[in-house]
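[1] I'll drop the sequence and a predicted model, then ask my questions.
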Amino acid sequence: MNKTIRFFINIAILTLLIGIIAYPKVKPFLFSGGSTETEFRPQQRPSLRVSGIIISPTLVRDEVRSTGNLLPDEEVDLAFETSGKVIGIYFQEGSHVKEGDLLAKMNDRHLQAQLQKLQAQRRLLVEREFRQRSLLERDAISQEAYDQAVTELETLDADVELLKARIAETEVRAPFDGVVGLRYLSEGSFASPSTRLAKLIKISPLKLEFTIPERYAGDIEPGFPVLFSVDGILEPLEAEVYAVNPIVDERTRTIRVRALYDNVEEVLKPGRFASITLQLAEMQEAIAIPSEALIPEMEGDRVFVYRSGRAHPIYVRTGIRMEDRVQILEGLSFGDTLLTTGVLQLRQGISIVLDNMEEETAYTINTSAE
């Protein structure tokens, strides 16, 4: 191959290499319709699709929930104060009795006989004291003789009162108005102070006993209303706190509270289980947002709102935390569009598309602290 042919081959190879290198740079000019200005457009990130809600007023109730038991207002085991044979039972099981009603009687014939004897002796001593006083007024006897007659009468009166007290021990009387439970003795049985006759309970009103966490000790005081419910009754019932235990249980860190429920119709019975609600506060126009919309950070809690097609972060101050909601005290206003999904992918100014938009209506949120 002569030198001329080799020269042209080298020229062709060099031209091909230059064309390969220059092609990407001249390509815009070849397909731009003769434009002489190169346009450089940055690659656009696709908009993020999210959901949001419009902030609206919410009724928030700060509540404490607990469980408790219904107790009788008064309760006592009926029993005799002495030993002996039961000769009479004067009540029906489950019946209402009044304070002072005679419920049962023990044999007291020997005591009644002694009482009659003392009463007969007393009549004699009363007559003697009268005669001695008359004689003393005429100076017929000494003061000492009269004083002895008075002492004998007073001693006998004391013996009579003692015997009456022993007779009273043979009786069982109702200490208060209430309902008598099932009896455990029959007439003719021998009873002692350790033998239970029956139980007397007062069920109107009823006591409602429950516990609350110690942090609420300062919020509950006598007169505080208590809502409670029991199985079988649809409507909530209302009681009123009358006592708060001043001591915190060191084991459970709770405080025991008691309330009174009228139970006028005596529908509820002692021993029943109750679900209890204490309403500490009520906020009529509060802002409460879904918990998933809140982003906790070192600087504080943050949310994203929708403005002009873009996401904007806002730091907020939170209040009461509920099961699935958080109260917002500062940072948001009614009418703001809060972003609720994809919040971890959101950044300042990022373009977004609202895929699902809801306008919340006013509703009630109950907090719960067990």
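    That came through fine.
[2] Local confidence estimate at the nearest residue in space to Leu48 that is not next to it in sequence?
    Distance criterion CB to CB, 6 or more residues apart in numbering; nearest residue to Leu48, sequence neighbours excluded, is Ile352 at 5.0 Å. Bear in mind the C-beta positions are built from the backbone N, C-alpha and C, glycine included. Ile352 carries a pLDDT value of 88.
[3] does Ile203 really touch Val267, like I thought?
    No - using CB atoms under 8 Å, Ile203 is not in contact with Val267, being 9.7 Å away.
[4] More neighbours: which of those two?
    With neighbours defined as other CB atoms under 10 Å, Ile203 and Val267 compare such that Ile203 has more, 21 against 11.
[5] Name the helix or strand for that one, please.
    Secondary structure from DSSP states H and E places Ile203 in strand 198-213.
[6] Does anything pack onto that strand? Which helices or strands?
    Packing partners of strand 198-213 (3 or more CB pairs under 8 Å, 6 or more residues apart in numbering; DSSP states H and E): strand 58-78, strand 178-180, strand 254-261, strand 273-290.
[7] What helix or strand is the residue nearest to Leu48 located in?
    Short version, using DSSP H and E: Ile352 is in strand 352-359.
[8] so what secondary structure elements neighbour that strand?
    strand 48-54, strand 337-339.
[9] So in that sheet, which strands flank the first one, and in what orientation?
    Put plainly, it is strand 48-54. When pairing is defined by DSSP bridges, strand 48-54 lines up against strand 337-339 (antiparallel), strand 352-359 (parallel).
[10] So for that strand, what gets flagged as buried?
    For strand 48-54, a neighbour-count test (16 or more other CB atoms under 10 Å) marks Leu48, Val50, Gly52, Ile53 as buried.
[11] measure the first one to Ser308 for me?
    Distance of Leu48 to Ser308, computed by CB to CB, to the nearest Å: 15 Å.
[12] ok so, going back, got CSV for the helices and strands packed on strand 198-213, with mean neighbour count too?
    CSV is the format used below for the helices and strands packed on strand 198-213 (neighbours: other CB atoms under 10 Å):
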stretch, mean neighbour count
strand 58-78, 18
strand 178-180, 21
strand 254-261, 20
strand 273-290, 17
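[13] Val160 is nearest to which of those strands?
    strand 58-78 (27.2 Å; CB to CB).
[14] for that closest one, the distance to its chain's centre please.
    On the basis of CA atoms, centre = their mean, to the nearest Å, strand 58-78 sits 7 Å off its chain's mean C-alpha point.
[15] Please work out how many residues are found near the closest residue to Arg307 other than its chain neighbours.
    Spatial nearest neighbour of Arg307, excluding adjacent residues (CB to CB, 6+ apart): Thr337 at 7.7 Å. The tally of other residues near Thr337 (other CB under 10 Å) stands at 16.
[16] which residues sit in contact with Thr337?
    For Thr337, the contact set (CB atoms under 8 Å, 6 or more residues apart in numbering) comprises Gly52, Ile53, Ile54, Ile55, Val305, Tyr306, Arg307, Leu354, Met357.
[17] wait, which of those is closest to Gly342?
    Nearest to Gly342 among the contacts of Thr337, with distances taken as CB to CB, is Gly52, at 10.1 Å.
[18] that older thread, the residue nearest to Arg307 pairs with what?
    Residues in beta-bridge contact with Thr337 (DSSP bridges): Ile54.
[19] where does it land on pLDDT?
    Looking at Thr337, the pLDDT reads 91.
[20] again, but for Ala288
    So Ala288 comes in at 88 (pLDDT).
[21] Could you measure from Tyr207 over to Ile201?
    Quick fix: residue 207 is Lys, not Tyr. Counting by CB to CB, the separation of Lys207 from Ile201 is 11 Å.
[22] Likewise for Arg65?
    From Arg65 over to Ile201 the distance is 28 Å, taken as CB to CB.
[23] how deep is Glu299 tucked in, by neighbour count?
    The tally of other residues near Glu299 (other CB under 10 Å) stands at 7.
[24] which element is it on?
    Glu299 belongs to no helix or strand, assigned by DSSP H and E.
[25] Might one say that it is in contact with Tyr315?
    Yes - at 6.8 Å, Glu299 counts as touching Tyr315 under the criterion of CB under 8 Å.
[26] quick one: what helix or strand has Arg154 in it?
    You called it Arg, but residue 154 is Glu. Take DSSP H and E as the rule and Glu154 turns out to sit in helix 143-168.
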